[in-house]
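# Predicted coordinates and the sequence they were generated for:
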Amino acid sequence: MRVEDTDIERSRPEFEKDILDGLKWLGLNWDEGPYKQSERLNIYEKYAKKLLEENKAYYCFCSEDDLEAQRQDQLARGEAPKYSGRCLNLTKTEVDKNLKEKKPSTVRFKIEPKKIKFKDLIRKDVEFDMELVGDIVIAKNLRQPLFALAGVIDDFEMKISHVIRGEEHISNTPKQILMQEALGFPSPEYGHLPMILAPDRSKLSKRHGATALAKYRKEGYLPEAIVNFLAFLGWNPGDEREIYSLASLVKEFSLERVQKSGAVFNIQRLDFLNGFYIRHRSLEKLAELCLPYLIDAALVNKNNVNMDFIKKTISLYQERLKKLSEIAELTDFFFRENLEYDKNLLKWNEMAEKEVRESLEKSEKLLSEIKEGEWAKEILQNILMPEAEKMENRGKLLWPLRAALSGKQASAGPFEIAEVLGKEKTLKRIKDAKENL
């Protein structure tokens, strides 16, 4: 685990913590580290000085305005913009004078104008013509290296064998290979993964789902689902199997089956996988996971938790949940004393209010005759269903009852809800519904 935090403006302890916490939550643990680049500045300084002393790098004193003027001039002449080399041939006296005067500077690496070929683990043979690339900045100063230089040094010092990263980094690879040659380092193997695209194959943005892992965690996605989902972005196992544990992925994964073309981020696919893992959690564990969402929604008092009631409630929705955050909205009616809803919700199709009232009174009469000790879904069903079947449509009995118990357009069935609510609350909600009419 290597924390690349030499960019002072963009590095924050909270960003680092968020990344490390996220990896731990996913079960992606590391064997060494974390090593922080900000604590290795002496190492980078040593190699930067070596490049300067061997005339493989040089100080550049061009200002931002100078560089922009050079760039605009090249574009106006129809040339690809690259550094002009203005500071390449400064004398040692000029360099020392500028440094002594503390003139703002950077360290530039001399790009050797030749063709660089390497075998990418995913894209096979790749070639870059470095004559088209100007000398690149590799450090803001001796103790503030940029990504390319620090990465090259760390890869060597840490004996990295493979560098696997997104394809947007592929243009960095030939530059890093040249730096490795200049420093006498061997090159690791490189593999560049496909970009993740939106469903319309455009660049993924926040509106498509490109957001922090912590947000998905907060929404109630399970780590197993995230790992399974991400692994299939740009890779396939070569068969029809879709569900993979982390242990299975470790065993089955190979770079040979990573595709070159962009991988589409499909949130419906993630929801499907998350639903699968939710259904396969034990009810006890699922109740523990859902509890914080019920507390946040002020449906449950964290100091007075009835886990048996919560488990009964959640059991009705375990098959329907796509993410844990849905649980509060789906089950809120179980935890409220009084429900608020439009009285028209009680109507099945074009039922008149008189018919709705008669339907509720029939359910109330039948349910009130059931003893407390016999209050169970099967018995409720055995008593109510024959009455419902006598009607031209059984929805005329069951819809008003279900709507009265839940106050929702869609919910679990009336027998399941009544069983969880108990006899007293069930009869009270039927009475409340009649008053609502």
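That came through, no problem.
# Can you list the residue ranges for strands in this protein?
Along the chain, counting by DSSP state E, strands occupy 2-3, 35-36, 57-60, 106-109, 115-120, 124-129, 136-141, 144-145, 162-166, 189-193, 196-197, 263-264.
# what pairs with the fourth one, and is each one parallel or antiparallel?
With DSSP bridges as the test, strand 106-109 is paired with strand 57-60 (antiparallel), strand 136-141 (antiparallel).
# CA atoms only: put the last one into PDB for me.
The one in question is strand 136-141. Extracted as PDB, the C-alpha positions of strand 136-141 are listed here (Å, rounded to 0.1, in the frame of the first residue of the first chain):
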ATOM      1  CA  ILE A 136       8.900  17.000 -19.000                       C
ATOM      2  CA  VAL A 137       8.700  18.500 -15.500                       C
ATOM      3  CA  ILE A 138       9.500  15.800 -12.900                       C
ATOM      4  CA  ALA A 139       9.800  17.900  -9.800                       C
ATOM      5  CA  LYS A 140       8.700  21.300  -8.500                       C
ATOM      6  CA  ASN A 141      11.900  21.300  -6.500                       C
END
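# show me what contacts residue 403?
341, 345-346, 409, 433 (C-beta atoms under 8 Å, 6 or more residues apart in numbering). The way it works is simple: take the backbone N, C-alpha and C, and place the C-beta from them, glycine included.
# Widest-spaced pair of those?
For the contacts of residue 403, the maximum inter-member distance is 14.7 Å, found between 409 and 433 (C-beta to C-beta).
# so which of the strands paired with strand 106-109 is the most packed in?
Mean neighbour count, computed with mean count of other C-beta atoms under 10 Å, is highest for strand 57-60 among the strands paired with strand 106-109, reaching a mean of 21.
# what pLDDT, on average, does that strand get?
Across strand 57-60, pLDDT averages out at 98.
# Need the CA coordinates for it. PDB is fine.
In PDB, the C-alpha atoms belonging to strand 57-60 read as follows (Å, rounded to 0.1, in the frame of the first residue of the first chain):
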ATOM      1  CA  ALA A  57      17.700  16.600 -16.100                       C
ATOM      2  CA  TYR A  58      18.000  20.400 -15.700                       C
ATOM      3  CA  TYR A  59      16.500  23.400 -13.900                       C
ATOM      4  CA  CYS A  60      13.800  25.200 -15.800                       C
END
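# Residue 409 and residue 433 - which one has more neighbours?
For residue 409 versus residue 433, the count of surrounding residues by other C-beta atoms under 10 Å is larger for residue 433: 25 against 9.
# Quick one: residues contacting the nearest residue to residue 321 once chain neighbours are set aside.
The shortest distance from residue 321 to any residue other than its chain neighbours is 4.9 Å, reached at residue 278 (C-beta to C-beta, 6 or more residues apart in numbering). For residue 278, the contact set (C-beta under 8 Å, 6+ apart) comprises 222, 286, 318, 321-324.
# Repeat that for residue 237.
Counting by C-beta under 8 Å, 6+ apart, the residues that residue 237 touches are 244, 252, 257.
# Among these, which one lies nearest to residue 329?
Using C-beta to C-beta as the measure, the one of these that approaches residue 329 most closely is residue 244, at 30.4 Å.
# Surely that closest one is in contact with residue 250?
No. When contacts are counted by C-beta atoms under 8 Å, residue 244 is not listed as touching residue 250 (9.6 Å).
# which one of the two has more residues nearby?
When neighbours are counted by other C-beta under 10 Å, residue 244 and residue 250 differ, and residue 244 comes out ahead with 19 against 9.
# contacting residues around the more buried one?
With contacts defined as C-beta under 8 Å, 6+ apart, residue 244 is in contact with 228, 231, 237, 252.
# residue contacts, the second one?
For residue 231, the contacting residues are 244, 249, 253, taking C-beta under 8 Å, 6+ apart as the criterion.
# want to try CSV for the contacts of residue 278, with pLDDT, distance to residue 14 and neighbour count as columns?
Rendered in CSV, the data for the contacts of residue 278 read as follows (pLDDT from 0 to 100; distance: C-beta to C-beta, whole Å; neighbours: other C-beta atoms under 10 Å):
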residue, pLDDT, distance to residue 14, neighbour count
222, 98, 24, 23
286, 98, 30, 23
318, 97, 35, 19
321, 97, 31, 21
322, 97, 29, 19
323, 97, 25, 19
324, 98, 24, 23
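# What is the nearest of those residues to residue 367?
Minimum separation from residue 367 among those (C-beta to C-beta) is found for residue 318, which lies at 25.7 Å.
# Against residue 311, how distant is that closest one?
Counting by C-beta to C-beta, to the nearest Å, the gap from residue 318 to residue 311 is 10 Å.
# same deal with residue 339?
As judged by C-beta to C-beta, residue 339 and residue 311 stand 22 Å apart.
# Over to residue 102?
In this structure, residue 102 lies at 68 Å from residue 311, with C-beta to C-beta as the measure.
# repeat for residue 144
Plainly put, residue 144 is 55 Å away from residue 311 if you go by C-beta to C-beta.
# before we move on, what about residue 257?
Using C-beta to C-beta, one gets 41 Å for the distance from residue 257 to residue 311.
# now do residue 198
Distance, residue 198 to residue 311, by C-beta to C-beta: 39 Å.
# burial count for residue 2?
Residues within reach of residue 2, counting by other C-beta under 10 Å, total 18.
# sorry, back to before: for residue 257 and residue 311, indicate the residue with more neighbours.
Comparing residue 257 with residue 311 by neighbour count (other C-beta under 10 Å), the higher total belongs to residue 311, at 18 against 13.
# And for the spatially closest residue to residue 133 that is not a sequence neighbour, the neighbour number?
Leaving aside its chain neighbours, residue 133 sits nearest to residue 111 (5.3 Å; criterion: C-beta to C-beta, 6+ apart). For residue 111, the number of neighbouring residues by other C-beta under 10 Å comes to 21.
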